[in-house]
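*Asks:* Sequence and predicted structure, then a few things I'm wondering about:
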Amino acid sequence: MHALARFGDVDALQALLDNKPRLVDAVDGVERRQPLHDACEGGSVEAARMLLERGAHVNTRTLQRVTPLMIASFH
């Protein structure tokens, strides 16, 4: 899920979310990142848009208190 978002594989991301919509806010076990963080890190506007349209939380924070918007502002 996170890799699909980071690399902007929108078709695979859509198929996965169609089958398991709750994965939109899947949290990784290390940094507490969600797919929206990874889409922003990878610069994938399309993936970020899709995640937001499907209910991703824009103000979610990682373990280090970083939001997706903070990450996007660096790219």
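*Replies:* Perfect, thanks for sending it.

*Asks:* tell me, how many neighbours does residue 14 end up with?
*Replies:* Neighbour count of residue 14, defined by other CB atoms under 10 Å: 14. The way it works is simple: take the backbone N, C-alpha and C, and place the C-beta from them, glycine included.

*Asks:* For stretch 48-62, which residues meet the burial criterion?
*Replies:* 48, 50, 51, 54, 56, 60, 62 (16 or more other CB atoms under 10 Å).

*Asks:* What of stretch 24-39?
*Replies:* Neighbour count says stretch 24-39 has 24, 33, 34, 35, 36, 37, 38, 39 buried, by 16+ other CB under 10 Å.

*Asks:* so what pLDDT did the third one get?
*Replies:* Model confidence at residue 34, expressed as pLDDT, equals 97.

*Asks:* who's in contact with it?
*Replies:* Applying CB atoms under 8 Å, 6 or more residues apart in numbering, we find residue 34 in contact with 25, 26, 27, 28, 56, 57, 60, 68.

*Asks:* now swap in the fourth one and tell me
*Replies:* Contacts for residue 35 were tallied using CB under 8 Å, 6+ apart; they are 1, 2, 4, 5, 13, 23, 24, 25, 26, 47, 51, 56.

*Asks:* circling back: put together JSON lines for the contacts of residue 34, with secondary structure and distance to residue 17 on each row.
*Replies:* Output for those, formatted as JSON lines (DSSP: H, G, I helix; E, B strand; the rest coil; distance: CB to CB, whole Å):
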{"residue": "25", "secondary structure": "helix", "distance to residue 17": "11"}
{"residue": "26", "secondary structure": "coil", "distance to residue 17": "10"}
{"residue": "27", "secondary structure": "coil", "distance to residue 17": "15"}
{"residue": "28", "secondary structure": "coil", "distance to residue 17": "17"}
{"residue": "56", "secondary structure": "coil", "distance to residue 17": "10"}
{"residue": "57", "secondary structure": "coil", "distance to residue 17": "15"}
{"residue": "60", "secondary structure": "coil", "distance to residue 17": "16"}
{"residue": "68", "secondary structure": "helix", "distance to residue 17": "17"}
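
*Asks:* All good on my end, thank you.
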